[in-house]
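Enquirer: please find the sequence and the predicted model below.
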Amino acid sequence: MKRRLGIQLPQLVILVFLVSMLGLAFRLDISLTSLLGDALVRLVMNGVLVLSLVPMLNAGIGINYGLPVAITAGLLGLCLAVNFKITGLPGFAAAVLFAVPLATILGYGYARILNCVQGREEITATFIGFSFVPLMNYFWAVAPFSNPAMLWPIGGKGMRPTIGLRDYFSKELNTLWSFHLFGITVPAGLLLFFALCCLAVGIFFKTRTGVAMIALGENEAFAKLSGMNISRLRILAVILSTILGAVGICVYAQSYGFIELYDAPQMMAFPAASAILVGGSAGKKTTLLHVILGTFLFQTTYVISGPIANALMVPEVAEIFRMMITNGIILYALVHEGKRTREKYAAS
Amino acid sequence: MRHLNPVSAVFLLLSLVGLLLSGMRPTFVVNEVLIRFIRDGVMVLALIIPINAGMGLNFAIVVGAMCAQVGLVLAVDLQLTGFTGLLFISVIGIGLSLLLGALIGLCLNRVKGKEMISTIIIGFLATSIYQLIFMVGYGTIIHPHNPEMMLSRGIGIRNMIDLQGFRNILDKLWLFRLGEIEIPLFMILLVLIFAGIVHSIMNTRLGRQLVAVGLDGRKAAMVGIDTEGVRVKAIILSTVLACCGHIIYIENIGMLNVYTAHLNSDIFSCAAILAGGATIFRAGIANALLGVLLFHSLFIVSPQAGQNVFGNPALGEYFRSFVAYGTIAFALMMQRQAADRN
């Protein structure tokens, strides 16, 4: 326990990577202030998705590798908003409003399945997510949406793989109340939105139900003895995660400027999982600090590595390095957690 | 197999319906299924040993596949062809998979209870390291001998390597014709020989220990079995078999898609063995062989069936990937209930 406050290996790797990248960026004359502005945008762009992992982690269900389910709900909300041609901030709000009930329904079904597979949630969630994507591909290919901006230009049937949001609500939050400070663009509205989401989750975990959920995650046997309704709490946690994930993809899409359908959600769970693990949540209660720190560190490597790799003429390297870091961190966390449980068994 | 497993029955039914809807000639389908059988058979057999050792589906067989691809790229680089080349590839591939298999095994001993998710992540991680080596390492650190396989910028290997020197050198051995059906007898025998090897491994001392560890690790440890060692051996064997399977696969296709050829082999193999009626705790030779036949029958007919019914071949494609992922998800969901019943 003496290493509790020390920096752990994942943070160390990321920090070393970041510092060397920053040094390289400095040498290549890439503007650091614009990088910092981008890093702030990317923090929120992915932050809500990372935040969505928290309820399930704290309820002891594990990392939500089934994030594509939540993302699908969000994409449906976005598509509905675009279909009704709602523009500007109301468009974004409408997307979120449409997405939340859908996420609740999907999350409930998803939670029921996860309740049947206790102890094996993560792998099952992975494959529920993986198999949900082709199932939704069916839907996207025949979906009865009518806005021609979303449909294939030829034939007019089936959704396009990427839908541009420029005429609807692209970057609405990014530009809201944004101001310049020492040459850095600070997206105040975006940061405020993220802060509100974090605050909502923080307050939830202070309520009776939230505290019960954390207790369940820490010790299931004890929670059962003290008469909590475990299956209800778990279902609630999954639904909350799904709703937050749906909101997360809405933020992501408006920030990115495109809705990506079809196979795009398939691999989105892994960077999010990696970010929260970088933040230091492996094997203990996840706090908002883990979310914010992890997302910021992880996404900043994304922001910096892109321009550097382009300057160095081998553009694929950035993507490969990101993949390596993403999966390396998840694997490290798995092994590390395995060691902890082994020590616990040895001690008892 | 006294009665057909429900999962297998569903696959059989879907394949037959698909066959009717697609309007394909049955002889064509049989030929295709036979080709897929020799291509993917050994890869599916590689899953049996870890399942029986209680480690679940080993998605890290992609690492074995990558070992085979490393061997192939090196052989093309050194311009080896024919049977010498094949021998070289096998030596390199198997050597490398012994080493990496041991590493994966050691890693999995630290994540007991979460082996499957770990093997998936190991597969992703290995893929990115592999891509780094061949996309960036080649031409900068490693000096190629064969300039034909390099990208024009001088760094990195081309996506596609033509394996003229290896294409179908095994498949044409003892090729029989039965009416319109071509039977590559040598290759079928080869797959069956691998099946025999797996079967005999399961019947050796190691095989018995594997099953004991799979049933109850703690009890196995009490009677003096080195459970961790047995688990490492299971993964090594699985990785080596996967490597052999992938050599056969690439040799049959005759082209090497350097960066993507290995990517779906894990998912498809796992879905195939589950289609054959295996569970996450028990699998036999019959499950693997039957599974390959059933899974690939469905795979062959579904795009055409999708085209005929919906007028859109993409829908058949989506159905295929849904079946692959969905079979695994379904097996994972059902597992718990089966365990509760006992």
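Expert: Thanks, I have it.
Enquirer: show me the contacts for residue A:9.
Expert: Taking Cβ atoms under 8 Å, 6 or more residues apart in numbering or on different chains, we find residue A:9 in contact with A:332, A:336. Yep, even glycine has a C-beta here, placed from its N, CA and C like the rest.
Enquirer: kindly report the residues of the stretch 51-200 of chain A close to chain B.
Expert: Within reach of chain B by Cβ under 8 Å from any Cβ of the partner chain, the stretch 51-200 of chain A has these residues: A:65, A:113, A:116-120, A:122-124, A:126-128, A:130-131, A:133-135, A:137-138, A:141-142, A:158.
Enquirer: buried only: go through those residues for me.
Expert: A:65, A:113, A:116-118, A:120, A:122-124, A:126-128, A:130-131, A:133-134, A:137, A:141, A:158 (16 or more other Cβ atoms under 10 Å in any protein chain shown).
Enquirer: and stretch A:137-151, which residues are buried?
Expert: Result for stretch A:137-151 [16+ other Cβ under 10 Å]: buried residues A:137, A:140-141, A:143, A:145, A:149-151.
Enquirer: which residues are contacting it?
Expert: Identification of contacts with stretch A:137-151 by Cβ under 8 Å, 6+ apart yields A:79, A:82-83, A:85, A:156-160, A:163-164, A:167, A:261-263, B:312, B:314-315, B:318-319, B:321-322.
Enquirer: then stretch A:104-124?
Expert: Under Cβ under 8 Å, 6+ apart, the answer for stretch A:104-124 is A:61-63, A:65-66, A:69-70, A:72-73, A:125, A:128, A:231, A:234-235, A:237-243, B:56, B:113-114, B:116-117, B:120, B:329, B:332-333, B:335-337.
Enquirer: are any of the residues you listed buried, and which?
Expert: Buried residues within the contacts of stretch A:104-124, defined by neighbour count using 16+ other Cβ under 10 Å: A:61-63, A:65-66, A:69-70, A:72-73, A:125, A:128, A:234-235, A:237-243, B:56, B:114, B:116-117, B:120, B:329, B:332-333, B:335-336.
Enquirer: tell me where the stretch 101-250 of chain A has strands.
Expert: Using DSSP state E, counting those that start in this stretch, the strands of the stretch 101-250 of chain A run over A:162-164, A:179-181, A:184-186.
Enquirer: quick one: contacts for residue 77?
Expert: I went with chain A, as the question did not name one. For residue A:77, the contacting residues are A:94-100, A:102, A:246, A:250, by Cβ under 8 Å, 6+ apart.
Enquirer: looking at chain B here, not the other one
Expert: B:144-146, B:149.
Enquirer: ditto for residue B:291
Expert: By Cβ under 8 Å, 6+ apart, the contact set of residue B:291 is B:8, B:44, B:272-278.
Enquirer: select, from the residues you listed, the two members most distant in space.
Expert: With Cβ to Cβ as the measure, no two of the contacts of residue B:291 lie farther apart than B:8 and B:44, at 13.9 Å.
Enquirer: what about the two, which has more around it?
Expert: The neighbour comparison of residue B:8 against residue B:44 (other Cβ atoms under 10 Å in any protein chain shown) goes to residue B:44, with 32 against 22.
Enquirer: does that one touch residue B:275 like I think?
Expert: No - shown here, residue B:44 and residue B:275 do not form a contact pair, counting by Cβ atoms under 8 Å, at 9.8 Å.
Enquirer: show residues contacting the host helix or strand of residue B:209.
Expert: Per DSSP states H and E: residue B:209 is located in helix B:205-215. Contact partners of helix B:205-215, identified using Cβ under 8 Å, 6+ apart, comprise B:49, B:51-55, B:201-202, B:219-220, B:223, B:225, B:227, B:230-231, B:233-234, B:281.
Enquirer: so for that helix, what gets flagged as buried?
Expert: By neighbour count on 16+ other Cβ under 10 Å, the buried set for helix B:205-215 is B:206-207, B:209-214.
Enquirer: quick check: closest non-adjacent residue to residue A:79.
Expert: Computed as Cβ to Cβ, 6 or more residues apart in numbering or on different chains, the closest residue to residue A:79 that is not its neighbour in sequence is residue A:145, at 6.2 Å.
Enquirer: pLDDT score for residue 193?
Expert: The chain I'm using is chain A. According to the prediction, residue A:193 has pLDDT 90.
Enquirer: actually it's chain B I care about, not the one you picked
Expert: Model confidence at residue B:193, given as pLDDT, is 93.
Enquirer: wait, what's in contact with it?
Expert: No residues are in contact with residue B:193 under the rule Cβ under 8 Å, 6+ apart.
Enquirer: related to what we said a few turns ago, who wins on neighbours among the contacts of residue B:77?
Expert: Counting neighbours by other Cβ under 10 Å, residue B:149 comes out on top of the contacts of residue B:77 with 19 neighbours.
Enquirer: surely that residue and residue B:159 touch.
Expert: No - counting by Cβ under 8 Å, residue B:149 stays clear of residue B:159, with 10.4 Å between them.
Enquirer: quick one: the helices in the stretch 201-342 of chain B, in order.
Expert: All helices of the stretch 201-342 of chain B, identified by DSSP state H, counting those that start in this stretch, fall at B:205-215, B:217-222, B:227-253, B:265-275, B:285-310, B:313-341.
Enquirer: in terms of mean pLDDT, which of those ranks lowest?
Expert: Among the helices of the stretch 201-342 of chain B, helix B:313-341 has the lowest mean pLDDT, at a mean of 78.
Enquirer: any idea how far that helix is from the middle of the chain?
Expert: What separates the centre of helix B:313-341 from the centre of its chain is 18 Å, taken as Cα atoms, centre = their mean, to the nearest Å.
Enquirer: now do the buried residues in that helix.
Expert: So for helix B:313-341, counting by 16+ other Cβ under 10 Å, buried means B:314-336.
Enquirer: ok, now stretch B:243-262?
Expert: Buried residues in stretch B:243-262, counted by 16+ other Cβ under 10 Å: B:243-253, B:256, B:258-259, B:261-262.
Enquirer: now the two most distant members of these.
Expert: B:244 and B:259 (21.5 Å).
Enquirer: what's near enough to touch residue 131?
Expert: Since you didn't name a chain, this refers to chain A. B:322, B:325-326, B:328-329.
Enquirer: that's the wrong chain, I wanted chain B
Expert: Per Cβ under 8 Å, 6+ apart, neighbours of residue B:131: A:316, A:320, A:323, B:259.
Enquirer: residues of the stretch 51-200 of chain B that sit close to chain A?
Expert: By the rule Cβ under 8 Å from any Cβ, the part of the stretch 51-200 of chain B lying against chain A is B:56, B:107, B:110-114, B:116-118, B:120-122, B:124-125, B:127-129, B:131-132, B:135-136, B:153, B:155-156.
Enquirer: repeat for the stretch 201-342 of chain B
Expert: Proximity of the stretch 201-342 of chain B to chain A is confined to B:267, B:312, B:314-315, B:318-322, B:325-326, B:328-329, B:332-333, B:335-337 under the rule Cβ under 8 Å from any Cβ.
Enquirer: excluding chain neighbours, what is closest to residue A:255?
Expert: Spatial nearest neighbour of residue A:255, chain neighbours left out: residue A:45 (4.2 Å); criterion: Cβ to Cβ, 6+ apart.
Enquirer: average pLDDT for the host helix or strand of that neighbour?
Expert: Residue A:45 belongs to helix A:32-51 when assigned by DSSP H and E. Averaged across helix A:32-51, the pLDDT comes to 86.
Enquirer: what about the closest residue to chain B within the stretch 151-300 of chain A, how many residues nearby?
Expert: Relative to chain B, the nearest point of the stretch 151-300 of chain A is residue A:270 (7.3 Å; Cβ to the nearest Cβ). Using other Cβ under 10 Å, residue A:270 has 21 other residues around it.
Enquirer: and the pLDDT at it?
Expert: Here the pLDDT value assigned to residue A:270 is 91.
Enquirer: which ones are touching it?
Expert: Residue A:270 neighbours (Cβ under 8 Å, 6+ apart): A:65, A:326-327, A:330, B:124.
Enquirer: chain B contacts on the stretch 201-348 of chain A?
Expert: Residues of the stretch 201-348 of chain A lying close to chain B (Cβ under 8 Å from any Cβ) are A:270, A:313-314, A:316-317, A:320-321, A:323-324, A:326-328, A:330-331, A:334-335, A:337-339, A:342.
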